[in-house]
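Q: Structure for this input, please:
(2 chains)
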Amino acid sequence: DAKTTQPTSMDCAEGRAANLPCNHSTISGNEYVYWYRQIHSQGPQYIIHGLKNNETNEMASLIITEDRKSSTLILPHATLRDTAVYYCIVRVGLTSGTYKYIFGTGTRLKVLA
Amino acid sequence: EAQVTQNPRYLITVTGKKLTVTCSQNMNHEYMSWYRQDPGLGLRQIYYSMNVEVTDKGDVPEGYKVSRKEKRNFPLILESPSPNQTSLYFCASSPGHRGDDEQYFGPGTRLTVT
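A: A predicted model of the protein is given here:
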């Protein structure tokens, strides 16, 4: 199964862009990359996902390298409320037609005032 | 309001006493899943279900059972809980129709087994 590797923690100044990297070097061609975040011990919250192309929504941008072995989540203007643990996840398709999710251990992002 | 609910939110129990954690979603989602979260290990998938009567093991299924008799409910059953099942548990659901739909998570159930 594809696995993800993320830095344990990062700091970012408020108002600056936060760039969170993720390595998923064993990802297969049809496996999606998802990003979620978790604030304290609440249920994880969806941020964005992608397959091959870069993606952008109202929360963030996702940059996926051409070889798909890594990606970067970008929070363009980090606020204090963005302080959370960010998870990079690979969704693995199975031969049965179903799929499962492989979570990394996450990056603890701290936004500093 | 579209949501995933879990009950109970907190539970302290003793070794060997059977328990069930309920999970319900009101979004008519086909895919449902259970995760456990432990310090330093992130979230790990226990079981998942693509639809009614279809369930599959995730990465850490030992000691757990699930059932999917109705689309909206996906209870997690611990027949004989042990202290190593002390953890934070999350239920999640997703539409299951598209190839890339997102999961919606419940608020979590903190279980302590003594």
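
Q: show me what contacts residue 44?
A: Picking chain A for this. Contacts for residue A:44 (C-beta atoms under 8 Å, 6 or more residues apart in numbering or on different chains) come out as A:36-38, A:87, B:43, B:90, B:92, B:103, B:105. All C-beta atoms are positioned from the backbone trio N, CA, C, and that covers glycine.

Q: that's the other chain; I wanted chain B
A: A:103, B:35-38, B:58-60.

Q: three-state assignment of it?
A: When the structure is reduced to helix, strand and coil (DSSP: H, G, I helix; E, B strand; the rest coil), residue B:44 reads as strand.

Q: so residue B:84, which of the three states?
A: When the structure is reduced to helix, strand and coil (three-state DSSP), residue B:84 reads as helix.

Q: So it versus residue B:69, what's the distance?
A: Counting by C-beta to C-beta, to the nearest Å, the separation of residue B:84 from residue B:69 is 28 Å.

Q: buried ones in the helix or strand residue A:48 falls within?
A: When elements are assigned from DSSP states H and E, residue A:48 belongs to strand A:45-50. For strand A:45-50, burial by neighbour count (16 or more other C-beta atoms under 10 Å in any protein chain shown) applies to A:46-50.

Q: Which one of those residues is nearest to residue B:110?
A: Each of these was scored against residue B:110 by C-beta to C-beta, and residue A:46 proved nearest at 22.1 Å.

Q: and the nearest residue to that closest one once chain neighbours are set aside, what is it in contact with?
A: Counting by C-beta to C-beta, 6 or more residues apart in numbering or on different chains, residue A:46 lies nearest to residue B:102, which is 4.3 Å off, once chain neighbours are set aside. When contacts are counted by C-beta under 8 Å, 6+ apart, residue B:102 touches A:34, A:46, A:49, B:94.

Q: what's the burial count for residue 53?
A: You didn't say which chain, so I picked chain A. Counted with other C-beta atoms under 10 Å in any protein chain shown, the burial measure for residue A:53 works out to 8 neighbours.

Q: The chain in question should be chain B.
A: For residue B:53, the count of nearby residues is 10 (other C-beta under 10 Å).

Q: mind listing what it touches?
A: With C-beta under 8 Å, 6+ apart as the criterion, the residues that contact residue B:53 are B:68-69.

Q: Now with 10 Å, please.
A: By C-beta atoms under 10 Å, 6 or more residues apart in numbering or on different chains, the contact list for residue B:53 reads B:67-70.

Q: how about the longest strand along chain A, does it reach chain B?
A: Using DSSP state E to define each element, chain A has its longest strand at strand A:84-93. Yes: Strand A:84-93 is in contact with chain B by C-beta under 10 Å from any C-beta of the partner chain, via A:85, A:87, A:89, A:91, A:93.
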